[in-house]
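Asker: Provided below for reference: sequence and predicted model.
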Amino acid sequence: MKSLRIAAIGECMVEFSAQSGSDYRLGFAGDTFNTAVYLARLLGDFHRISYVTCLGDDALSTQMLEHFRSHQLDTTCVFIESGSAPGAYLINNDAQGERSFTYWRQNSAATKLMAANRFDVLREHLAQFDLIYLSGISLAILAPADQEKLIGLLKVLNLPIAFDPNYRPQLWQDVSRAQRLCEQVSEISQYLLTTFDDDKLMWQSHSPQQALVTWQDKTRGEIIIKNGEHPALLYKDDVSEEISPGEIIQPIDTTGAGDSFNAAYLAARLTGSNMQQAAALAHGLAGKVIGHRGAILPI
């Protein structure tokens, strides 16, 4: 089997997750980072998983960079922005394991990824990869001009792309801009891994089937619509199918469920599994993740 090279682009943040009482555990997490970690675990040392981001020169950034390496992530394309620091967020969970977040991410170092002098460096670095993974958050945290630069970079690279729109309204100027930019990335994506809850917000979809119709007009890639404890909807080559998660698990914390699903799905597809097998494996990993507090399972 050929050694795979996958680059995940985005933001890792300092995570404070609720433990017992008023105690919080400090960790590091972020949507594309979580997926990169699970890809590295699932695919093993034979394959190369790179995280592409920008950190500051503070103590937390130094810890975060070491954290990347402890998860066997390649850090060749982690840039350091002097005077900056990573963003942070706090997670609280209700009795059903559903999350609420408080963010501190203004001027996060990751927002400076597409600085003027980095386009050519990124193009040279990423050209050697087999797959680029990013999310709507990877785009949303950037300034408008830098959003266009990143999409331009993806088009110039002309490589397979896996994209999770991961729509977060508070990160966007307005929904129409989110729609337009996510459409542009979807058009060039081989894998579109969306979530019905996000589609309800971004497209006012009333069902996964309606969301599927919306995305069919925007991508020629295979479409996966995650839907929590409900079946995932798969589509490729004019054929759609629902894959149920199997055993229903009472969640403790749903943080990272979709990110881990994406990782397991992509790892399986890239190593020869069909869509149905990949979705079943993805449901299995996501089920384990929601039984644990925080986005990343202990090794």
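Answerer: Nice, thanks for sending it over. Numbering: from 1, shown residues only.
Asker: Show the average pLDDT along the helix or strand hosting Y133.
Answerer: Secondary structure from DSSP states H and E places Y133 in strand 131-135. Mean pLDDT, computed over strand 131-135, is 98.
Asker: Go ahead and name everything in contact with whatever helix or strand comes next after it.
Answerer: Remark: after strand 131-135, the chain's next helix or strand is helix 136-140, criterion DSSP H and E. Contact with helix 136-140 is made by 9-11, 30-32, 147, 150-151, 164-168, 171-172, 178, 181-182, 185, 198, as judged by C-beta atoms under 8 Å, 6 or more residues apart in numbering. Yep, even glycine has a C-beta here, placed from its N, CA and C like the rest.
Asker: Convert the C-alpha atoms of stretch 17-32 to PDB, please.
Answerer: Output in PDB follows, covering the C-alpha atoms of stretch 17-32 (Å, rounded to 0.1, in the frame of the first residue of the first chain):
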ATOM      1  CA  SER A  17     -13.600  21.000  29.500                       C
ATOM      2  CA  ALA A  18     -15.800  20.600  32.600                       C
ATOM      3  CA  GLN A  19     -15.000  17.800  34.900                       C
ATOM      4  CA  SER A  20     -16.600  17.200  38.300                       C
ATOM      5  CA  GLY A  21     -17.900  20.200  40.300                       C
ATOM      6  CA  SER A  22     -16.300  23.400  39.200                       C
ATOM      7  CA  ASP A  23     -13.100  21.700  37.900                       C
ATOM      8  CA  TYR A  24     -12.000  22.100  34.300                       C
ATOM      9  CA  ARG A  25      -9.300  20.100  32.500                       C
ATOM     10  CA  LEU A  26      -6.900  22.000  30.200                       C
ATOM     11  CA  GLY A  27      -6.400  20.400  26.800                       C
ATOM     12  CA  PHE A  28      -5.900  21.300  23.100                       C
ATOM     13  CA  ALA A  29      -8.500  20.700  20.500                       C
ATOM     14  CA  GLY A  30     -10.200  22.100  17.400                       C
ATOM     15  CA  ASP A  31     -12.300  20.600  14.600                       C
ATOM     16  CA  THR A  32      -9.700  19.900  12.000                       C
END
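Asker: Check which residues of it are buried.
Answerer: By neighbour count on 16 or more other C-beta atoms under 10 Å, the buried set for stretch 17-32 is 17-18, 27-32.
Asker: do stretch 118-135 as well
Answerer: For stretch 118-135, burial by neighbour count (16+ other C-beta under 10 Å) applies to 118-119, 122, 125-126, 129, 131-135.
Asker: can you give me the helices for the stretch 101-250 of the chain?
Answerer: Using DSSP state H, counting those that start in this stretch, the helices of the stretch 101-250 of the chain run over residues 119-126, 136-140, 144-157, 175-187, 196-203, 208-216.
Asker: now the shortest one, how far from the centre of its chain.
Answerer: On the basis of C-alpha atoms, centre = their mean, to the nearest Å, the separation between the geometric centre of helix 136-140 and that of its chain is 9 Å.
Asker: Kindly report the same for stretch 32-46.
Answerer: With C-alpha atoms, centre = their mean, you get 12 Å for stretch 32-46.
Asker: tell me the mean pLDDT over it?
Answerer: The average pLDDT within stretch 32-46 is 97.
Asker: so which two of the buried residues of stretch 17-32 are the farthest from each other?
Answerer: Greatest spatial distance in those: A18 and T32, 23.2 Å, computed using C-beta to C-beta.
Asker: now the buried residues of stretch 17-32 as JSON lines including distance to R105 and secondary structure?
Answerer: Listed next are the buried residues of stretch 17-32 as JSON lines, based on distance: C-beta to C-beta, whole Å; DSSP: H, G, I helix; E, B strand; the rest coil:
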{"residue": "S17", "distance to R105": "16", "secondary structure": "strand"}
{"residue": "A18", "distance to R105": "19", "secondary structure": "strand"}
{"residue": "G27", "distance to R105": "16", "secondary structure": "strand"}
{"residue": "F28", "distance to R105": "14", "secondary structure": "strand"}
{"residue": "A29", "distance to R105": "13", "secondary structure": "strand"}
{"residue": "G30", "distance to R105": "10", "secondary structure": "coil"}
{"residue": "D31", "distance to R105": "13", "secondary structure": "helix"}
{"residue": "T32", "distance to R105": "14", "secondary structure": "helix"}
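Asker: how about the residues you listed in a markdown table, adding distance to G221?
Answerer: Output for the buried residues of stretch 17-32, formatted as a markdown table (distance: C-beta to C-beta, whole Å):
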| residue | distance to G221 |
| --- | --- |
| S17 | 33 |
| A18 | 37 |
| G27 | 32 |
| F28 | 30 |
| A29 | 27 |
| G30 | 24 |
| D31 | 19 |
| T32 | 18 |
